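J.: Below is the structure, and that's it, no one-letter string:
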């Protein structure tokens, strides 16, 4: 095999896993290409039935169009339904999670000889191809048992990667040019529990990491927590975020799932709405205008209109900068799949639309609160992502030469494009602009 294509479905942890496998094969001399490849590696997700359907559909299409391509399926779907995947046309290897997906075992399964030198290759990745930001998987697995989630069954118990290994990987990624490192996993709030440590210990190690280029210039970078349960944001974590706002992004993604206590109990979540909102208040009391985002499920079995209205009210009180809203999807093997009391599809669509309308308003209100704030923006062209999880545009005429990987700016808020022609309902898209701080403007005066 001389060429390979990678396709990834699912979460940040899966995207990281794909990069691990990519580097293993590229080190063997395979070239990455999209068309007419010898090998297709599909890293799958099984969180929803739709994710599984898309993966199977892709495999069938590739075999129909490129029948000579050999297919390797890995990831959570491969762990959950290996026999079904083995029957798909073109599939030669089905490798689940855990040991099967370690680079050495992955290469051996694909028929490669593994040299003694390769056994000593550092764990993790050296770059995150095509991105200014890089994902870093700090742990895998989950010890919780949410009634809607199949992930503990396909990824196993929580396992943490050692802090020195992660520090070394951060150094490699920063030296490769990545200026933001996103800490991801399946349940990152549980990092360190199996090592006798806690997440703030890892954050402290990354805060203390001082890197310099060959000429002695400091190599600046920041880390971002990808998703953490609200009840697991402890005082030590907030102390570090408050004390090092340039090293740790002031953004926390706090899965809510439902704003109704009855539904949270049915989901087997371990908090109620008062505890969740209290955590949001505590975070806001310690940090300067932090960005709080969340996941919410609508249409969970037994969810009534009254339950949905409670979720809407909880979301209003939380004041999220962004909400990821998903319709409930039953997964075979989870308690929720056999609960009955299914919500009608038209009701799910209606509730999702109504919650999305509020989410848009909440996002705009948060964006407007950032007028005049100074932000470090991780650039991708002439726009980028701020520490507070906002997309910020920068006028190219204010930057000398090509855009840098990161830029310090002062935020301004602009309203563009009326979204509704009815005067009493008229609203506008909010656009955040950034003026570089300390750089000459087009007129030559300091920004």
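T.: That came through, no problem. Predicted model only: the values in this text are computed from it and were never measured.
J.: And the strands in the stretch 101-250 of the chain, which stretches?
T.: Assigned by DSSP state E, counting those that start in this stretch, the strands in the stretch 101-250 of the chain fall at 133-137, 139-140, 159-160, 180-184, 222-225.
J.: Quick one: low-confidence residue ranges for the stretch 101-250 of the chain.
T.: 116-120 (pLDDT under 70).
J.: All the helices of it, in order from the start?
T.: Taking DSSP state H, counting those that start in this stretch as the test, the helices found in the stretch 101-250 of the chain are 103-109, 116-119, 151-155, 163-175, 199-207, 235-243.
J.: Likewise for the stretch 301-447 of the chain?
T.: Under DSSP H, counting those that start in this stretch, the stretch 301-447 of the chain gives helices at 305-318, 345-368.
J.: Quick check: residue 280 touching residue 259?
T.: No. Here residue 280 lies out of contact with residue 259, judged by Cβ atoms under 8 Å, at a distance of 11.8 Å. The C-beta positions use only the backbone N, C-alpha and C, and glycine is treated the same way.
J.: between the two, which one's more packed in?
T.: Shown here are residue 280 and residue 259; by other Cβ atoms under 10 Å, residue 259 has more neighbours (25 against 22).
J.: Then the more buried one would be within a strand, right?
T.: No. Assessed with DSSP: H, G, I helix; E, B strand; the rest coil, residue 259 is coil; it does not lie in a strand.
J.: For the residue nearest to it when sequence neighbours are not counted, give its distance to residue 54.
T.: Nearest non-adjacent residue to residue 259, counting by Cβ to Cβ, 6 or more residues apart in numbering: residue 314, 2.7 Å away. Using Cβ to Cβ, to the nearest Å, we find residue 314 at a distance of 31 Å from residue 54.
J.: Compare the two (neighbour count), which wins?
T.: residue 314 (22 against 15).
J.: Quick one, which of the helices of the stretch 301-447 of the chain gets closest to residue 94.
T.: Proximity to residue 94 (Cβ to Cβ) singles out helix 345-368 among the helices of the stretch 301-447 of the chain, at 32.2 Å.
J.: tell me what the closest one is packed against?
T.: strand 291-298, helix 305-318, strand 322-327, strand 428-436 (3 or more Cβ pairs under 8 Å, 6 or more residues apart in numbering; DSSP states H and E).
J.: and if we set it to 6 Å?
T.: Using 3 or more Cβ pairs under 6 Å, 6 or more residues apart in numbering; DSSP states H and E, the elements in contact with helix 345-368 are strand 291-298, strand 322-327, strand 428-436.
J.: now for these, which one comes closest to residue 172?
T.: Of all the helices and strands packed on helix 345-368, the one in closest proximity to residue 172, counting by Cβ to Cβ, is strand 291-298 (27.9 Å).
J.: re the thing from before, mind putting the helices of the stretch 101-250 of the chain into JSON lines with mean neighbour count and distance to residue 32?
T.: JSON lines is the format used below for these (neighbours: other Cβ atoms under 10 Å; distance: least, Cβ to Cβ, whole Å):
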{"stretch": "helix 103-109", "mean neighbour count": "16", "distance to residue 32": "16"}
{"stretch": "helix 116-119", "mean neighbour count": "9", "distance to residue 32": "19"}
{"stretch": "helix 151-155", "mean neighbour count": "21", "distance to residue 32": "26"}
{"stretch": "helix 163-175", "mean neighbour count": "17", "distance to residue 32": "19"}
{"stretch": "helix 199-207", "mean neighbour count": "19", "distance to residue 32": "30"}
{"stretch": "helix 235-243", "mean neighbour count": "16", "distance to residue 32": "37"}
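J.: could you dump those to TSV with distance to residue 372?
T.: Shown next, in TSV, are the helices of the stretch 101-250 of the chain (distance: least, Cβ to Cβ, whole Å):
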stretch	distance to residue 372
helix 103-109	48
helix 116-119	53
helix 151-155	41
helix 163-175	30
helix 199-207	27
helix 235-243	20
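J.: So which of these is nearest residue 127?
T.: helix 163-175 (6.8 Å).
J.: contacts for the closest one?
T.: Contact partners of helix 163-175, identified using Cβ atoms under 6 Å, 6 or more residues apart in numbering, comprise 123-124, 126, 134, 138, 181, 202, 205, 209, 211, 219, 221.
J.: Mind telling me the two of these farthest from one another?
T.: Across these (Cβ to Cβ), the longest gap, 21.4 Å, separates 123 and 219.
J.: Correct me if wrong: residue 238 contacts residue 286.
T.: Yes. The criterion here is Cβ atoms under 6 Å, and residue 238 meets it with residue 286 at 4.4 Å.
J.: quick revisit: kindly reformat the strands of the stretch 101-250 of the chain as TSV containing distance to residue 20.
T.: What follows is the strands of the stretch 101-250 of the chain, written out as TSV (distance: least, Cβ to Cβ, whole Å):
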stretch	distance to residue 20
strand 133-137	8
strand 139-140	12
strand 159-160	15
strand 180-184	13
strand 222-225	19
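J.: Could I get those in TSV, plus columns for mean neighbour count?
T.: Formatted as TSV, the strands of the stretch 101-250 of the chain follow (neighbours: other Cβ atoms under 10 Å):
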stretch	mean neighbour count
strand 133-137	24
strand 139-140	24
strand 159-160	19
strand 180-184	22
strand 222-225	21
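J.: Show me which strand runs longest in this structure.
T.: strand 406-418 (DSSP state E).
J.: leaving aside the residues next to it on the chain, what's closest to residue 280?
T.: residue 318 is the one closest to residue 280 (Cβ to Cβ, 6+ apart), at 5.2 Å.
J.: Domain boundaries for the protein, per the record?
T.: Domain assignment of the chain by automatic domain parsing yields the ranges 3-119, 127-249, 257-369, 374-436.
J.: Now do the shortest one, average pLDDT.
T.: Domain 374-436 shows a mean pLDDT of 87.
J.: That domain: end-to-end distance?
T.: 9 Å (Cα to Cα, to the nearest Å).
J.: Check the offset of that domain from the chain's centre.
T.: Taking the mean of its C-alpha atoms, domain 374-436 sits 22 Å from the chain's own mean (Cα atoms, centre = their mean, to the nearest Å).
J.: ok, now the third one?
T.: For domain 257-369, the distance between its averaged C-alpha position and the chain's averaged C-alpha position is 18 Å (Cα atoms, centre = their mean).
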